[in-house]
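Q: compute the structure for the input listed below.
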Amino acid sequence: PHPSIHSRLTLLGDALDGGYRFVVLGDQRALADGEWQALVEGITTREKEASDSLPLLGVIDTGDIVQNGSHSDQFVMLSSILNPLREYPYVLSAGNHELNKNKGEGRPNTVAAMSATMPWASEDSLWYEYSLPHVRLVILDTNDLVYGPSGQGGDPFEHQRVQRQFLWLEAILAETDERPIMVVMHHPIISSSRKHRRSAADLWSLTWRGRTLPEIMADGGVDLILTGHTHTYERFRLKSSGDSTVHLVNVSGRPRDSFFWWGSGSRRAKDWRGNTIEHLRATGWKNLEGWQIEQESPMLDAQENQWAELRVYPDGRIDLETFFLVDKGRDGFRTGDN
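A: This next block holds a predicted model:
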């Protein structure tokens, strides 16, 4: 088992006063193709080289940690892959693959596998908050919003579990607190790639008690949203009608041509820079009135697996740096988007 965030906080103590870092990755699905192993090796190599930088508090995964969580043996492979990162807490925003879109045994198997590092988790509550030095970290379960709690779709707000998550989210965001808020959710609310475009547009317009999901987060002071699901990398800046700015970063690996037999084209980010709103309207997004949205950094031609590094500072600043594998990790890694 990985240690909990709270035990890591205790271990690091005053070393966190000047700030700390998180590693962010996602959508690796414990595939036995060597790329997740190369990512882990890159992260550990980076830690050896960055020994004089801010301490690493933990690893955040944007979801899809196994191919199908209904098969519990897949978590054994996952454990082996993550072994070099064993000293760091592992924070998960559950993806559709480990929960099997809320069907079968995916949800109980995921809770059981992650029970050591996420002791608060239960099948009916995969959302939570970490109150950390300098920042608040909020994890959502978007599977219930996209597939419904029973995996049958329909109006998610007909289910008490979804209502409880949104009541909890509203209460969390209503608290008076000057720290930045980071939200991690597997499914994106904006994405330029064709694959999963419909679910992203639907999530953008999902309305609870008169406000859409992005309005709830912007009004509540969310500064950064980390997502996955699409197997690409891109970054957006969103400004609401209330003049709140939210940064959205999708960190979710790369398309696997050998697995997705139809190729990577449907998952490749499109260049929407300069006219993002127009592209969103043309591809199905609604409820865009009052928003200013700009795509800032899509991963276009070079489809490289990646992880991001977040640096959290006492003054509320959060820096992001992205690292990309070179030739699927055979030539190490390179620094990229900042």
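
Q: on the C-terminal side of the host helix or strand of residue 8, identify the next helix or strand.
A: For residue 8, the enclosing helix or strand under DSSP states H and E is helix 5-12. Next helix or strand after helix 5-12 toward the C-terminus (DSSP H and E): strand 20-25.

Q: strand partners (parallel or antiparallel) of that next one?
A: Using DSSP bridges, the strands paired with strand 20-25 are strand 56-61 (parallel), strand 306-312 (antiparallel).

Q: most packed of these?
A: Per-residue neighbour counts averaged over each of the strands paired with strand 20-25 give the maximum for strand 56-61, namely a mean of 24 (mean count of other C-beta atoms under 10 Å). Yep, even glycine has a C-beta here, placed from its N, CA and C like the rest.

Q: helices or strands up against whichever helix or strand comes after that one?
A: Later in the chain than strand 56-61, the nearest helix or strand by DSSP H and E is helix 74-82. Based on contacts counted as 3 or more C-beta pairs under 8 Å, 6 or more residues apart in numbering; DSSP states H and E, the elements that helix 74-82 packs against are helix 35-49, helix 106-113.

Q: what's the angle from the shortest one to helix 74-82?
A: Using axes from the mean of the first three to the mean of the last three C-alpha atoms, to 10 degrees, the direction of helix 106-113 lies 50 degrees away from that of helix 74-82.

Q: can you check what angle separates whatever helix or strand comes next after helix 106-113 from strand 20-25?
A: Beyond helix 106-113 in the direction of the C-terminus, DSSP H and E gives the next helix or strand as strand 128-132. Here strand 128-132 runs at an angle of 150 degrees relative to strand 20-25 (the same axes, to 10 degrees).

Q: which residues are contacting strand 128-132?
A: 5, 9, 57, 91, 118, 120-121, 136-139, 172, 312 (C-beta atoms under 8 Å, 6 or more residues apart in numbering).

Q: got the buried residues for that strand?
A: Neighbour-count burial for strand 128-132 flags 128, 129, 130, 132 (criterion: 16 or more other C-beta atoms under 10 Å).

Q: picking up where we left off before, farthest pair in the contacts of strand 128-132?
A: With distances taken as C-beta to C-beta, the most widely separated pair in these is 121 and 312, at 23.4 Å.

Q: the closest residue to residue 234 other than its chain neighbours: neighbouring residues, count only.
A: The shortest distance from residue 234 to any non-neighbouring residue, by C-beta to C-beta, 6 or more residues apart in numbering, is to residue 298 (4.2 Å). Under the neighbour criterion other C-beta atoms under 10 Å, residue 298 is assigned a count of 20.

Q: tell me the contacts of residue 298?
A: Residue 298 neighbours (C-beta under 8 Å, 6+ apart): 192, 232, 233, 234, 235, 269, 270, 271, 272, 273.

Q: what pLDDT does the last one get?
A: Put plainly, it is residue 273. pLDDT, residue 273: 96.

Q: could you give the number of residues near it?
A: Burial of residue 273, expressed as a neighbour count using other C-beta under 10 Å, amounts to 13.

Q: just checking, it touches residue 295?
A: Yes - applying C-beta atoms under 8 Å as the test, residue 273 and residue 295 come out as touching, 5.1 Å apart.

Q: that older thread, and the two most separated of the buried residues of strand 128-132?
A: Among those, the pair separated by the greatest distance (C-beta to C-beta) is 128 and 132, at 12.4 Å.

Q: how far does stretch 209-218 stretch from start to finish?
A: In terms of C-alpha to C-alpha, to the nearest Å, the two terminal residues of stretch 209-218 are separated by 15 Å.
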